[in-house]
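Student: Give me the fold of what follows.
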Amino acid sequence: MEKTKLLTFAVIALFLLNLGTLGFLLLSGPKDHNPSGHGSEGRSKPREIIIEKLHFDDAQVKEYDQLIQWHRSNISKLEDQIRDSKNELYLQLNENPVNEKAKDSLINALASYQKEIESIHFKHFQDIKKMCKKEQMDDFTQLTEELSRLFSKPPPPRND
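Tutor: The predicted structure follows:
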């Protein structure tokens with residue numbers, strides 16, 4: 001009889017624990033999927049921010065979407081090159097002694113890629129400015145004052 005009560009108590013406790021876990025998962029919802037046009041952590045997507053702040057009409061939105069494709073394509077290529085260069089750089093740690101010339105060359109390449117990324121970002125906003133009508137220029141000026149805050153990626157969690 002004693003074992004039966006213990007087993008019954010354990011089953012009920014596990015059942016309640018499962019219900020609590022399911023309730024938590026259902027109520028908290030997924031963090032990455034957000035159909036409202038906002039990115040993770042409730043942040044708006046850059047596209048939506050720019051369209052809203054500059055009050056783009058339909059023709060401007062269409063032109064802006066083409067700019068986005070160009071921008072993403074170029075940035076993606078550079079990010080791939082950065083990833084490959086970083087892999088090569090950190091493989092230098094396996095060399096004994098480290099090839100200083102190769103290490104310095106890879107670090108310079110990484111700096112060059114980052115410089116290109118910033119140039120592409122700058123050109124992207126120059127192109128957006130060219131799209132703006134006279135009545136949107138004040139909004140563009142206000143947007144430029146907020147760019148670094150609006151579009152900077154949140155810092156990644158530290159793992160050290």
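
Student: By mean pLDDT, which helix or strand of the chain comes out lowest?
Tutor: helix 2-28 (a mean of 79; mean pLDDT, DSSP states H and E).

Student: Report the mean confidence score over the longest helix anywhere in the chain.
Tutor: Using DSSP state H, we find that the single longest helix of the chain is helix 58-91. Helix 58-91 carries an average pLDDT of 95.

Student: How far away from the center of its chain is the least confident helix or strand of the chain?
Tutor: 38 Å (C-alpha atoms, centre = their mean, to the nearest Å).

Student: Tell me which residues are up against stretch 126-136.
Tutor: 50, 54, 55, 56, 60, 63, 64, 67, 139, 140 (C-beta atoms under 8 Å, 6 or more residues apart in numbering). Where you see a C-beta, it was placed from the backbone N, CA and C, and this is true even at glycine.

Student: Tell me the secondary structure at the first one.
Tutor: Just to be clear, that refers to residue 50. helix (DSSP: H, G, I helix; E, B strand; the rest coil).

Student: Run the angle between the helix or strand where residue 125 lies and helix 58-91 for me.
Tutor: Here residue 125 is covered by helix 100-131, with elements defined by DSSP states H and E. Helix 100-131 and helix 58-91 are oriented at 170 degrees to each other (axes from the mean of the first three to the mean of the last three C-alpha atoms, to 10 degrees).

Student: Quick one: name whatever helix or strand follows helix 100-131.
Tutor: By DSSP H and E, the next helix or strand past helix 100-131 is helix 137-151.

Student: same for that next one, what does it pack against?
Tutor: helix 46-54, helix 100-131 (3 or more C-beta pairs under 8 Å, 6 or more residues apart in numbering; DSSP states H and E).
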